[in-house]
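*Asks:* I would like to see how this sequence folds:
(one chain, ligands or ions: 1)
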Amino acid sequence: MLTVTDLEKRYDGVGALENIDFELSPGELAILVGRSGAGKTTLLRCLNGLEQPDTGSIRLADEPPDPTDIALVFQEGALLDSKSALENVLDGGLGREPVWRELLGWHAPAEKRAAVERLHAVGLAGDADRRVGDLSGGERQRVGIARALQQEPAVILADEPVASLDPATARDVLDQLAALVRREQVVGLVSLHQPRLAQEVADRYLALESGRLTLDAPAAEVELDRIGEVYDGDG
Ligand SMILES: Nc1ncnc2c1ncn2[C@@H]1O[C@H](COP(=O)(O)OP(=O)(O)OP(=O)(O)O)[C@@H](O)[C@H]1O
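*Replies:* Predicted coordinates:
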């Protein structure tokens, strides 16, 4: 269980996040919605440790998380173009491997098996040896997801992971992410700008409006109109 309690983040005295409280369960994909500037990226960065919240706590099963417990899906541009898809995924597990292996580019057989299996799960079984620089945007985003899961995190976060993709590809990528969250029993938290796409995959919705959490509910209880209001309202 990921438990966030009374999280607050201010920039130059201005609140970007205020009184944020929620809990997410393993195997649950929560979709984070909110207008531009509502605080979505700030929340994901605080969870990932890239930003230090001013107050509040983040706990995993009642313990402070280790840095490798919470993985952020790399934006497609953050992958290493010159390396293969498989090598990029293997990089996600480097925290577990001795430094000499990293330096020599050698990986334990179990790590390789897991990486190949994850590429298979995101539909890229036949692309393991292709340079990431040669892949399409959707394929790169899939590599980013497989890479994050190779870290064996308890929580996977993604900030607008399908923003640059056409609707059909975006749907495929999100479906695969949702399937992996359920199969690997990780907590998933993904920010999305497209309410309709969100509705296809969400188990739970979190909505931020001006830095405050104004909705935290199972997807089955939330009307699409309510999500539309989050984007259309005065924010
Ligand atoms: N490093 C920073 N320094 C100062 N202010 C910041 C910084 N990062 C974010 N902010 C401010 O905090 C607020 C929340 O920004 P954030 O990027 O989290 O919003 P968002 O919901 O992710 O928006 P978008 O959908 O446009 O990415 C905004 O008012 C933003 O200007």
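*Asks:* send me whichever helix in the chain runs longest as CSV with only the CA atoms.
*Replies:* When the chain is parsed with DSSP state H, its longest helix is helix 167-183. Provided in CSV are the C-alpha atoms of helix 167-183 (Å, rounded to 0.1, in the frame of the first residue of the first chain):
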residue,chain,number,x,y,z
PRO,A,167,-5.2,7.7,-30.1
ALA,A,168,-5.0,4.0,-31.1
THR,A,169,-1.3,3.7,-30.1
ALA,A,170,-2.0,5.6,-26.9
ARG,A,171,-4.7,3.2,-26.0
ASP,A,172,-2.5,0.1,-26.7
VAL,A,173,0.4,1.5,-24.6
LEU,A,174,-2.0,2.3,-21.7
ASP,A,175,-3.6,-1.1,-22.0
GLN,A,176,-0.2,-2.8,-21.7
LEU,A,177,0.8,-0.6,-18.8
ALA,A,178,-2.5,-1.4,-17.0
ALA,A,179,-2.0,-5.2,-17.7
LEU,A,180,1.5,-5.0,-16.2
VAL,A,181,0.4,-3.1,-13.2
ARG,A,182,-2.1,-5.8,-12.5
ARG,A,183,0.1,-8.8,-13.4
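*Asks:* buried residues in that helix, which are they?
*Replies:* T169, A170, R171, D172, V173, L174, Q176, L177, A178, L180, V181 (16 or more other CB atoms under 10 Å). Heads up, the C-betas are built off the backbone N, CA and C, glycines and all.
*Asks:* quick check: pLDDT value at the last one.
*Replies:* Right, V181. pLDDT recorded at V181 is 95.
*Asks:* contact partners for it?
*Replies:* G27, E28, L29, I156, V187, G188 (CB atoms under 8 Å, 6 or more residues apart in numbering).
*Asks:* report all helices and strands that the least confident helix or strand in the chain by mean pLDDT contacts.
*Replies:* When each helix and strand of the chain is scored by mean pLDDT, DSSP states H and E, helix 99-104 comes last, with a mean of 73. Packed against helix 99-104, as judged by 3 or more CB pairs under 8 Å, 6 or more residues apart in numbering; DSSP states H and E, are no other helices or strands.
*Asks:* so what's the gap between it and the chain middle?
*Replies:* Relative to its chain's centre, helix 99-104 lies at 27 Å (CA atoms, centre = their mean, to the nearest Å).
*Asks:* any idea how far the nearest residue to R45 once chain neighbours are set aside lies from the ligand?
*Replies:* In this structure, R45 finds its nearest non-sequential neighbour in E51, 4.2 Å apart by CB to CB, 6 or more residues apart in numbering. Separation of E51 from the ligand (CB to the nearest ligand atom, to the nearest Å): 8 Å.
*Asks:* returning to that earlier point: scan the contacts of V181 and report the most crowded one.
*Replies:* Ranked by the number of neighbours (other CB atoms under 10 Å), the contacts of V181 place G188 first, at 26 neighbours.
*Asks:* what sits against that one?
*Replies:* Applying CB under 8 Å, 6+ apart to G188 gives the contacts E28, L29, A30, V155, I156, A158, L177, A178, V181.
*Asks:* between the residues you listed, which sits nearest V201?
*Replies:* Nearest to V201 out of those is A178 (CB to CB; 4.4 Å).
*Asks:* for V186, see how far away that closest one is.
*Replies:* For A178, the distance to V186 (CB to CB, to the nearest Å) stands at 11 Å.
*Asks:* same check, this time on D62
*Replies:* Separation of D62 from V186 (CB to CB) stands at 17 Å.
*Asks:* out of these two, which sits in the busier spot?
*Replies:* Set D62 next to V186 and count neighbours by other CB under 10 Å: V186 wins out with 25 against 7.
*Asks:* please consider this matter closed, and thank you.
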